[in-house]
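A.B. asks: Return a 3D structure for these sequence lines:
(2 chains)
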Protein chains: 2
Amino acid sequence: MAADETPDDQYRTGILELIGILAYGEVSACERLAEDAAMSPDLETKAEILAMMAAEWDHFEKLRDRLVEMKQADPYPFIDSFADIFDRFHRQTTPSDWLEGLVKAYVGDGLAADFYREIAAYLDPETRELVLETLSGTGHSEFVVDAVCGAIERDPRVGGRLALWGRRLMGEALSQAQMVVAERDALSAVLVGGMDYPGMDLAGIGRMFTRLTEAHAARMDRLGLSA
Amino acid sequence: MAADETPDDQYRTGILELIGILAYGEVSACERLAEDAAMSPDLETKAEILAMMAAEWDHFEKLRDRLVEMKQADPYPFIDSFADIFDRFHRQTTPSDWLEGLVKAYVGDGLAADFYREIAAYLDPETRELVLETLSGTGHSEFVVDAVCGAIERDPRVGGRLALWGRRLMGEALSQAQMVVAERDALSAVLVGGMDYPGMDLAGIGRMFTRLTEAHAARMDRLGLSA
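C.D. replies: Numbering: from 1, shown residues only, chains lettered A, B, ... in the order given. You can find the predicted model right below:
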C-alpha cells in the first residue's frame, strides 16, 4: 500500500482490478468459444456455443459499464492490462481437439463461477450483485456433459486422456491464480481483508481451495472423468 | 408447384425458406465476425465486433424460434440446408486482411439489410415484423467508417484496392442472389407474388435492384470509396 493510500483507496483499487479481470475473462471466453464454434460438428452444437458466447458478451458489457461508472473514462486500456493472465493460461492449455475444447469450456467456466461466488461474499453489496449477475446463464454448457459422456461411451480410452487433461487445466488455473495474487496487491487485500472490511484469513483461504477442488472433482465426475 | 400444393402452401414454404436463409445468414455473420474479432488491432475494436456478433445472435434466436413455431420440430437441419449459399459467397470473398474484412462486414450487412427491408413489404404482417426486427442493431458497424477512412487518409492507395474489393463483394452478392432465386421456387414466388397475394412484377424487381445498387454506392461513398 502506498504511504498516502487509505484502506478505502486500496479497497476501491482492488475492486476495480477484480472487475477488470472479470471483464477480460469474458472477452477471453468469447474468443475461445468462437474457436470452438468454428470446430463444431453440427449446426445445433454451433448454436449452443454461440448462445454461450452471447451470454458472456452480455456480462462483459455490464462489467465494462460498471468500470466506467466507477472511474474509467476509457475502460479498454485498463481491461486490456489483464490480458496477460488469460493469454498465459490459454497458451498453456490449448486444446488439441474438439473434446478437449469442450472439457476446457466446462471445467473452466465452472471453476471460474465457483471462485467468483466465493469472492462475492467479501464484496460490497453493489459489486457482489454485479459479480453474481455475471455468473448467470452458465447452465448453457450442460450440453457438454452429453457430448463428452457420449464420446467416452463410444471409445473408453478417450476418458483416460480427458481425465489427464482436466487435471492439467486445474493445475494451470491454480498456478495462474497464485500469480495474480502475487502481482496484484490491492486485489489480494480485498480477499484477505483489512481493518475496516472483513476478509478471509489464511485458514479461510485454505478451506476455500478445498471447496474449489471438491467442486472441480464433482464436475469431472459428471463428465465421467476421474479428477 | 406440386400438383397438390395450394398457393397458400407454396407461400408458406416460401416464408419458411426466407426465414431459414435469414437464420443461416445470422450464423454465417457470427462466424465471420468471430474471425474479424480475432484479427482486431485493439480491445475496443474487438469489443465493437463482439457487440455486433451478440446482436446477430439475438436475431438468430428469434428466427429459429419462429421456425419452430411455424412447423419445424427440429429447425437445425432445415436451417443448415441453406449453408451452401453462404459458404459459396464466403469462399469467393475471403478477406485478405483486416480492412477487407471490415469493408465486407459493412457492405454486406448494409446490402442484406436493404434487401430484407425491400422484401418485408411483401410479407404477411407477422413475418414482416420479425424480419424488420432482425434488422435492428446494425448501427454498431458505424465504427467501420472511422477505421476505413482513417486507413485511406494514412495511405491513399488503400482506397483504390478497397474500392475494387467493394465492387467484387457486390458482384458476388448479386450472383448468389440469382442462384437462390433459381434454386428456390417457393421463395421466388413470395417475391413475385401470385393470385392471392401481391408481389413484384419484373419491372418492380428491376427497380428494386436499382435501389439496392444506389444504396450500395452511397455506402461505399461513406467509406470514402468509389462504387
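A.B. asks: From A:Ala113, how far off is A:Thr45?
C.D. replies: 22 Å (CB to CB, to the nearest Å). All C-beta spots, glycine's among them, are computed from the backbone N, C-alpha and C.
A.B. asks: ok, those two, which is more surrounded?
C.D. replies: Set side by side, A:Thr45 and A:Ala113 show more neighbours around A:Thr45, with 19 against 16, by other CB atoms under 10 Å in any protein chain shown.
A.B. asks: ok, now which ones touch that one?
C.D. replies: If you count contacts by CB atoms under 8 Å, 6 or more residues apart in numbering or on different chains, A:Thr45 has them with A:143, A:147.
A.B. asks: And A:Leu225, by the same measure?
C.D. replies: A:103, A:148, A:152, A:159, A:162-163, A:166.
A.B. asks: what about the closest residue to it other than its chain neighbours, neighbour count?
C.D. replies: Sequence neighbours aside, A:Ala163 is the residue nearest to A:Leu225 in space, at 4.3 Å (criterion: CB to CB, 6 or more residues apart in numbering or on different chains). A count of nearby residues for A:Ala163, using other CB under 10 Å, gives 18.
A.B. asks: Now do the buried residues in whatever helix or strand A:Ala163 lives in.
C.D. replies: Here A:Ala163, judged by DSSP states H and E, is contained in helix A:157-183. Taking 16 or more other CB atoms under 10 Å in any protein chain shown as the neighbour-count basis, helix A:157-183 is seen to contain the buried residues A:158-159, A:161-163, A:165-167, A:169-170, A:172-173, A:176-177.
A.B. asks: Next up, the contacts around A:Glu17.
C.D. replies: By CB under 8 Å, 6+ apart, the residues touching A:Glu17 are A:82, A:184, A:186-187.
A.B. asks: Show the backbone phi and psi for A:Gly154.
C.D. replies: To be clear, residue A:154 is Arg; Gly isn't right here. Note on A:Arg154: its backbone torsions stand at phi -70, psi -30 [degrees, to the nearest 10].
A.B. asks: Give me the distance between it and A:Val103.
C.D. replies: Noted for A:Arg154: a distance of 16 Å to A:Val103, by CB to CB.
A.B. asks: Give me the more crowded residue out of the two.
C.D. replies: Neighbours were tallied for A:Arg154 and for A:Val103 using other CB under 10 Å; the higher tally belongs to A:Val103 (24 against 8).
A.B. asks: Neighbours of A:Gly25, how many?
C.D. replies: Per other CB under 10 Å, the neighbour tally for A:Gly25 reads 23.
A.B. asks: Same check on A:Asp8?
C.D. replies: Other residues near A:Asp8 come to 11 when the count uses other CB under 10 Å.
A.B. asks: Which secondary structure element of chain A has the lowest mean pLDDT?
C.D. replies: The helix or strand with the lowest mean pLDDT-type score in chain A, counting by mean pLDDT, DSSP states H and E, is helix A:185-192 (a mean of 80).
A.B. asks: Just the C-alphas of the helix or strand following it, formatted as PDB.
C.D. replies: In the C-terminal direction, the helix or strand that comes right after helix A:185-192 (DSSP H and E) is helix A:202-222. Output for helix A:202-222, consisting of C-alpha atoms alone and laid out as PDB, is shown next (Å, rounded to 0.1, in the frame of the first residue of the first chain):
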ATOM      1  CA  LEU A 202      -5.200 -17.900   5.700                       C
ATOM      2  CA  ALA A 203      -7.100 -20.900   7.100                       C
ATOM      3  CA  GLY A 204     -10.200 -19.500   5.300                       C
ATOM      4  CA  ILE A 205      -8.300 -19.300   2.000                       C
ATOM      5  CA  GLY A 206      -7.200 -22.900   2.600                       C
ATOM      6  CA  ARG A 207     -10.800 -24.000   3.100                       C
ATOM      7  CA  MET A 208     -11.800 -22.100   0.000                       C
ATOM      8  CA  PHE A 209      -9.300 -24.000  -2.100                       C
ATOM      9  CA  THR A 210     -10.600 -27.300  -0.600                       C
ATOM     10  CA  ARG A 211     -14.100 -26.400  -1.700                       C
ATOM     11  CA  LEU A 212     -13.000 -25.400  -5.200                       C
ATOM     12  CA  THR A 213     -11.100 -28.600  -5.600                       C
ATOM     13  CA  GLU A 214     -14.100 -30.700  -4.400                       C
ATOM     14  CA  ALA A 215     -16.400 -28.900  -6.800                       C
ATOM     15  CA  HIS A 216     -13.900 -29.500  -9.600                       C
ATOM     16  CA  ALA A 217     -13.900 -33.200  -8.800                       C
ATOM     17  CA  ALA A 218     -17.700 -33.300  -8.800                       C
ATOM     18  CA  ARG A 219     -17.700 -31.600 -12.300                       C
ATOM     19  CA  MET A 220     -15.200 -34.100 -13.600                       C
ATOM     20  CA  ASP A 221     -17.300 -36.900 -12.200                       C
ATOM     21  CA  ARG A 222     -20.400 -35.500 -14.100                       C
END
